[in-house]
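Q: one predicted model, sequence on top.
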Amino acid sequence: MSGPAPWPPVPAVIGHRGVPGLRLEHTRASYELAIEQGADYIEPDVVATRDGHLVVRHENEIGHTTDIAGRPEFADRRTTKRIEGVWLSGWFTEDLTLEEVKTLRVRERLPQLRPQNLPLTGTQEVLTFEEVLDIARRADRRVGVYVETKHPTYFQGLGLDLDDRLVDALEAADLNRPDADVPVVIQSMETGNLRALRPRTPLTLVQLLDRKEAPWDLVAAGDPRTYADLTTSDQLTELARHVDGIGPNKTLVIARRRGHWLDGETGLVERAHAAGLLVHIWTMRDENNFLPADFRSSADVAAHGDAEAEYLAFFDAGVDGVFSDYAATAVAARDRWLAAGGQSRRSGSMSSVSS
C-alpha cells in the first residue's frame, strides 16, 4: 500500500500575494481565495512598523496601496526617502505604529490592469504576518506560507531587523521547524539576510533573482556581482551553501527576444538542479500585459491571454514551482500537464520543499 502523496505537489503553486487578479493583494480575502483555488502556499511580503511589528505590504511605501493619502490625520507623515538608491516620496510603514496601520484600508495597486478590483477599495485592512500564518493554519488542508523579507538591509539600518522579527514570530507560532503544521519558506532579493538566517532556522530558504541589477546588500558592500552573475554554475554552487532554492524572474529560465517573444531555455534550471537547488519562478499572470507575445490574445493589456500555455512551457522547462497571481489558472495548467504525462518528460526536477 502506497503512502501519502508528497507535499507540496511538483510543480508547486504559490499564491503570489494571494489571488491579486481577483482580490486586493495581500488581504485576507485574497489569501482565502488562493487557498480555495488550490494554492499550495500563500505568499506575504513583510515590512516593519515603527514599533517593530511585521505587516504585509508589497513595499514599505504604502501611499499607492492604502487610503493613507486621503487621511488628513497622516498628512504630516508624507516624506521623501532614499530606498536602495532610489528617492521615493510618500508614506512609509516605518513611520507608523501598528495601531495606526490598522486604521488604513487597502486599495488596488494596478487599477488600469485590474479594474475588477476597484469596487473592493476600502473593504480590507492591512494584515500582520501573524494573521497570515493564522489564515494558513485555519485552512481545511495543508497550506504553507512563503514569506519574503522586503529591503532587509534598509530596515536593519533603522534598527528594525526583519530577520529578528521573523524568527521571533515563527518561534512564537511554533513554526520554526521543518515538521510544523504550517510549512514556511523564507525568500529574499538580498543575499546577506538569508546567509544570516541559515544558522537560525531549518526552514527552506530561497534566493530571489531578478533579470537585471543586483542584490542591494551586495551593492551597499561594494560587491560587483549582479543577479546575472549569481546564475552561473559556480555561483549557484556557492549559494547552495546557505539556501535551498532560487526564485528567478521567469525570463531567466526562458529568455525573450525583441517584441517579448519566447526565445528558448537558458539552462538555468539544469544548472540550479545540478547545484541541488529548487527553482520557483515569478510571476505568472493571466493579463496580456505580462504574457509573452506568443500567448497574448489581443492588444488589450488588461485582457486575458492563453496563460495556461505559458505555464506548460515552464513546466516542461523543469521548474519546481510557480508564483501566480491567478491560482486557479496555475492549478488547472498543472493538472493538464500532469494528466498529459508531463512529469515523465522532464528531467532533473527537485523534490518537494517540505515533507
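A: Cool, got the structure.
Q: so which residues of this protein form helices?
A: 28-36, 98-101, 129-137, 152-157, 162-172, 192-197, 216-220, 233-239, 268-274, 307-316, 327-339, 342-345 (DSSP state H).
Q: out of the ones you listed, which gets nearest to Phe74?
A: Set against Phe74 and scored by C-beta to C-beta, these come closest in helix 98-101, at 7.5 Å. To be clear about C-beta, it is placed using only N, CA and C from the backbone, and glycine gets the same treatment.
Q: what is the end-to-end distance of stretch 215-227?
A: 7 Å (C-alpha to C-alpha, to the nearest Å).
Q: repeat that for stretch 119-138.
A: End-to-end for stretch 119-138, by C-alpha to C-alpha: 27 Å.
Q: quick one on the thing from earlier: ranking the helices of the chain by mean pLDDT, which is last?
A: Mean pLDDT is lowest for helix 342-345 among the helices of the chain, at a mean of 72.
Q: and the contacts of that helix?
A: Here helix 342-345 makes contact (C-beta atoms under 8 Å, 6 or more residues apart in numbering) with Val10, Leu312, Phe315, Asp316, Ser349.
Q: let's see 7 Å
A: Phe315, Asp316 (C-beta atoms under 7 Å, 6 or more residues apart in numbering).
Q: now that helix: buried residues?
A: Residues of helix 342-345 classed as buried by neighbour count (16 or more other C-beta atoms under 10 Å): Gly342.
Q: only alpha carbons, please: show that helix as PDB.
A: What follows is helix 342-345 as a C-alpha-only set of coordinates in PDB (Å, rounded to 0.1, in the frame of the first residue of the first chain):
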ATOM      1  CA  GLY A 342       4.400  16.000 -18.100                       C
ATOM      2  CA  GLN A 343       6.300  14.700 -15.100                       C
ATOM      3  CA  SER A 344       7.800  11.900 -17.200                       C
ATOM      4  CA  ARG A 345       9.000  14.300 -19.900                       C
END
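Q: to the chain's geometric centre, what's the distance from that helix?
A: 26 Å (C-alpha atoms, centre = their mean, to the nearest Å).
Q: which residues in the stretch 1-150 of the chain form strands?
A: With DSSP state E, counting those that start in this stretch as the criterion, the stretch 1-150 of the chain has strands at 12-16, 41-43, 45-48, 54-56, 79-83, 86-90, 144-149.
Q: out of those strands, which gets nearest to Trp261?
A: strand 12-16 (23.9 Å).
Q: low-confidence ranges in this protein?
A: In the predicted model, the chain carries pLDDT under 70 at residues 1-5, 345-355.
Q: wait, Leu113 touches Val301, no?
A: Yes. Proximity of Leu113 to Val301 meets the contact threshold set by C-beta atoms under 7 Å, at 6.5 Å.
Q: those two: which has the busier surroundings?
A: The neighbour count for Leu113 versus Val301, taken as other C-beta atoms under 10 Å, is higher for Leu113 (18 against 13).
Q: enumerate every residue touching the more buried one.
A: The contact partners of Leu113, taken as C-beta under 7 Å, 6+ apart, are Glu287, Asn289, Val301, Ala302.
Q: now render those residues as a markdown table, adding distance to Arg77.
A: Formatted as a markdown table, these follow (distance: C-beta to C-beta, whole Å):
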| residue | distance to Arg77 |
| --- | --- |
| Glu287 | 33 |
| Asn289 | 32 |
| Val301 | 33 |
| Ala302 | 33 |
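Q: are any of these buried, and which?
A: Neighbour-count burial (16+ other C-beta under 10 Å) applied to the contacts of Leu113 gives Glu287.
Q: and of the contacts of Leu113, the nearest to Ala220?
A: Within those, the smallest distance to Ala220 is 32.2 Å, found for Asn289 (C-beta to C-beta).
Q: now the closest one: closest residue in space that isn't a chain neighbour?
A: Of all residues beyond its chain neighbours, the one nearest Asn289 is Val301 (3.8 Å), with distances taken as C-beta to C-beta, 6 or more residues apart in numbering.
Q: the one you found is in contact with Asn288, isn't it?
A: Yes. Shown here, Val301 and Asn288 form a contact pair, counting by C-beta under 7 Å, at 5.4 Å.
Q: overlap in contacts of Leu113 and Val301?
A: Joint contacts of Leu113 and Val301 (C-beta under 7 Å, 6+ apart) are Glu287, Asn289.
Q: nearest to Trp282, out of the helices of the chain?
A: Nearest to Trp282 among the helices of the chain is helix 307-316 (10.9 Å), distances taken as C-beta to C-beta.
Q: can I get that closest one in PDB, CA atoms only?
A: The C-alpha coordinates for helix 307-316 follow below in PDB (Å, rounded to 0.1, in the frame of the first residue of the first chain):
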ATOM      1  CA  ALA A 307      -1.800  31.800 -19.700                       C
ATOM      2  CA  GLU A 308      -2.100  28.100 -19.500                       C
ATOM      3  CA  ALA A 309       0.200  27.700 -22.500                       C
ATOM      4  CA  GLU A 310       2.900  29.800 -20.700                       C
ATOM      5  CA  TYR A 311       2.600  27.500 -17.600                       C
ATOM      6  CA  LEU A 312       3.000  24.400 -19.800                       C
ATOM      7  CA  ALA A 313       6.200  25.800 -21.300                       C
ATOM      8  CA  PHE A 314       7.800  26.500 -17.900                       C
ATOM      9  CA  PHE A 315       6.600  23.100 -16.500                       C
ATOM     10  CA  ASP A 316       8.300  21.400 -19.500                       C
END
